[in-house]
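Q: Just need the structure, nothing else, for what follows:
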Amino acid sequence: MPTSVRFEQVTAPEAPEFPGNIFSNCLKAGNQAVLSGMVASDDNGGVIGGDSAYEQARACFAKIEKLVEAAGGSLADVAKLTIYLTDMADRPEIGRARKEFFDGRMPASTLIGVSALAGPEYKVEIEAIAFLEDGG
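A: Purely as a prediction, here's the structure:
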């Protein structure tokens with residue numbers, strides 16, 4: 001009989017959980033951390049970076065960094081990014097922000113153009129999968 005996977009919810013003050021307990025921002029199982037899509041929301045329901053895709057992406061990457069660190073890793077442990085973008089013309093700005101957080105070996109990445117995200121104010125949403133070196 002297969003054993004069930006033990007999940008641990010990982011939290012970070014810089015990436016507060018969404019109200020209502022409808023999903024987790026980060027779950028850890030063994031040496032893997034799986035992160036939900038991060039948007040550039042602030043603690044007051046506003047948008048970090050306003051209408052700038054670059055600043056919104058920086059806010060998303062910063063949240064990812066804090067959650068992966070809370071799981072016991074670093075951005076060097078991120079193996080996969082999935083980026084959702086409402087305007088493909090913003091692609092260079094997303095790449096510029098990514099290079100501020102990742103260097104050397106870059107994570108595998110998928111970029112998906114979408115017509116909308118959770119709110120019309122969001123231009124980008126980024127999710128990540130990390131494999132933590134020591135298993136946590």
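Q: Identify each buried residue in the helix ranked longest in the chain, please.
A: For the chain, the helix reaching the highest residue count under DSSP state H is reported as helix 53-70. Buried residues in helix 53-70, counted by 16 or more other CB atoms under 10 Å: 53-68, 70. For glycine as for every other residue, the C-beta is placed from the backbone atoms N, C-alpha and C.
Q: just for this protein, where's the confidence low?
A: Along the chain, the parts satisfying pLDDT under 70 run over 1-3, 134-136.
Q: And the strands in it?
A: 8-9, 26-29, 32-38, 78-85, 108-113, 124-131 (DSSP state E).
Q: how about the ones you listed in a markdown table, adding mean neighbour count and distance to residue 47?
A: Shown next, in a markdown table, are the strands of the chain (neighbours: other CB atoms under 10 Å; distance: least, CB to CB, whole Å):
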| stretch | mean neighbour count | distance to residue 47 |
| --- | --- | --- |
| strand 8-9 | 12 | 25 |
| strand 26-29 | 20 | 21 |
| strand 32-38 | 21 | 13 |
| strand 78-85 | 19 | 15 |
| strand 108-113 | 12 | 20 |
| strand 124-131 | 23 | 11 |
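Q: Tabulate those in CSV, adding columns for distance to residue 45.
A: Shown next, in CSV, are the strands of the chain (distance: least, CB to CB, whole Å):
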stretch, distance to residue 45
strand 8-9, 23
strand 26-29, 21
strand 32-38, 16
strand 78-85, 20
strand 108-113, 25
strand 124-131, 16
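Q: what about the ones you listed, which gets the closest to residue 97?
A: strand 124-131 (8.7 Å; CB to CB).
Q: do you know how far the closest residue to residue 23 other than its chain neighbours is from residue 91?
A: Leaving aside its chain neighbours, residue 23 sits nearest to residue 36 (5.8 Å; criterion: CB to CB, 6 or more residues apart in numbering). As for residue 36, its distance to residue 91 is 22 Å (criterion: CB to CB, to the nearest Å).
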